[in-house]
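A.B. asks: With the sequence up front, the predicted model follows.
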Amino acid sequence: FLLFLQMWRTLLNSHLTARSGFCWRRLFTMQLKTSEFQSLFTDGLNGLAELFVKHHHELRIAGGAVRDLLSGRRPEDVDFATTATPEEMKRMFQSAGVRMINTKGEKHGTITARLHNENFEVTTLRVDVQTDGRHAEVEFTTDWQKDAERRDLTINSMFLGLDGTLYDYFQGYEDLQNRKVRFVGSAVERIQEDYLRILRYFRFYGRVALEPDDHDPETLKAIRENGCGLASISGERIWVELKKMVVGDHAAHLLELIYSLELAQYMGLPPDGDIEEMKRVWRNAKAHAPKPATMLASLLHSPEEVEKMDLRLKVSREEKNLALFLVRYRRELQKSPDEPDSLRPYTDFIIDSREADYQNKVCELLKYQGEPKLLAQLSRWSIPRFPISGHDLRKMGITSGKEIGVALQQLRDVWKKSRYRMEKEELLSYVKTG
Ligand SMILES: Nc1ccn([C@@H]2O[C@H](COP(=O)(O)OP(=O)(O)OP(=O)(O)O)[C@@H](O)[C@H]2O)c(=O)n1
Ligand SMILES: [Mg+2]
């Protein structure tokens, strides 16, 4: 009997491996018991898990969270997948008195349940029957492998049972360990289902790969040939991906690749973006957590290009203003040649501007220009407060608003020359009255 069992296992294993890359051995022996995984089990999750067991539905962690857990990270958001249909889930939650929120996702099979003040997004296993490169018509299934097949990358196609069992149909774990980013099955098909996946590929490449330029040539070919599909993707979705990519590992390599694969034009970036400047800025800034807009600004030649980019990507007002600021001042505002005073032009500029957020903008400028010492100094610096107000001058007998304005400006200049050290009494002694 044992011999028979052994033969059966070998047969099943080779059959499944050959068919789909499904590895029987790994499926049953890989058990995750890390502290990140254990820490997910809050009262809320325990309650959710119990409900699914009670109603004989399977529930597993899916996609990005499995990837993060296997890389030793605590995932930011955890998505769940289940064999239960949305209707079955609704009945189950209703009968248990569990609140459901935001039923917008229901069409795509997602129900959000709230237990112990925590939200849990649970999605029914599905197959995308029709896609137009942006949206998908879905059909529900109870086949875990079918759901894995419609996902973008092998590292994003895994499931994790709540007992820690890994369900890996496309060698995602092996790819993660080998730091390879690969599409599930055909790259062309996965991309044509949703062109945003081109940028997701780059973003995850930055997260996972050790070296730049370690791409599968077939993948790059698929991306190049389908790049124009990005034209149909909304700017907001592109920016969500791009902003993470431009400050992640290999950012300069990936942006250069975006240009060499001729994708930039579909993403609101100028066709002749300044790649050399961008590489320099990345070298300067990467150790200092630059903002995404700082990296983008390095590619742009003019304020008009910032406007054009904003029109396409709909970046936030703050991001746009930062890019405009950097494009405008990156050459104009430079450190002083006198060593002890290097920071002075920047601090003078900030005080003169009288804008609350200029200090942060100038910090980004220093990252851009590659001035780590000045950056450290400026981060510690606090804007000195001008000690004189119109009220002080009125007390001294100056009554006309115009005169007060002029006097304040003159006193500001004196104060600036004193390197912001002069105090109120001394400054007021400069005021001529009567
Ligand atoms: N265009 C997309 C977007 C998502 N997914 C699948 O849906 C999962 C969840 O998507 P999302 O939360 O957007 O991304 P994550 O991979 O979880 O990455 P992040 O850590 O940034 O949330 C992905 O892992 C992947 O399996 C996909 O196949 N194609
Ligand atoms: Mg996610």
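C.D. replies: On my side now, so go ahead. Ligands and ions are numbered 1, 2, ... in the order given.

A.B. asks: Could you measure from the residue of the chain found nearest ligand 1 over to Asp152?
C.D. replies: Of all residues in the chain, Gly64 sits closest to ligand 1, at 2.0 Å by C-beta to the nearest ligand atom. Yep, even glycine has a C-beta here, placed from its N, CA and C like the rest. The gap separating Gly64 from Asp152 is 10 Å, by C-beta to C-beta, to the nearest Å.

A.B. asks: who's more crowded, the two?
C.D. replies: Remark: of Gly64 and Asp152, Asp152 carries more neighbours, 22 against 19, as counted by other C-beta atoms under 10 Å.

A.B. asks: domain parsing for this structure?
C.D. replies: Annotated domains of the chain cover 30-178, 179-267, 292-383, 390-432 [the TED database].

A.B. asks: mind checking the end-to-end distance for the longest one?
C.D. replies: I take that to be domain 30-178. Here the two ends of domain 30-178 are set 17 Å apart, with distance taken as C-alpha to C-alpha, to the nearest Å.

A.B. asks: Could you point out which residue ranges in this protein have low pLDDT?
C.D. replies: 1-29, 103, 433-434 (pLDDT under 70).

A.B. asks: Helices of the stretch 1-150 of the chain, residue ranges please.
C.D. replies: With DSSP state H, counting those that start in this stretch as the criterion, the stretch 1-150 of the chain has helices at 2-20, 24-29, 35-38, 43-54, 64-70, 86-95, 144-149.

A.B. asks: nearest to Lys286, of the domains of the chain?
C.D. replies: Nearest to Lys286, of all these, is domain 179-267, at 7.1 Å by C-beta to C-beta.

A.B. asks: does that closest one come close to ligand 2?
C.D. replies: No: with C-beta under 5 Å from the ion as the criterion, ligand 2 is not reached by domain 179-267; the gap is at least 10.9 Å.

A.B. asks: Check the offset of that domain from the chain's centre.
C.D. replies: Mean-position distance between domain 179-267 and its chain equals 14 Å (C-alpha atoms, centre = their mean, to the nearest Å).

A.B. asks: and it, anywhere near ligand 1?
C.D. replies: Yes: using C-beta under 6 Å from any ligand atom, domain 179-267 reaches ligand 1 at Asp194, Leu196, Arg197, Arg200.

A.B. asks: Now rank those by neighbours and give me the top one.
C.D. replies: Arg197 (25 neighbours).

A.B. asks: wait, is Gly248 part of a strand?
C.D. replies: No: Gly248: not assigned to a strand; according to DSSP: H, G, I helix; E, B strand; the rest coil it is coil.

A.B. asks: Might one say that it is in contact with Gly206?
C.D. replies: Yes: using C-beta atoms under 8 Å, Gly248 is in contact with Gly206, at 3.6 Å.
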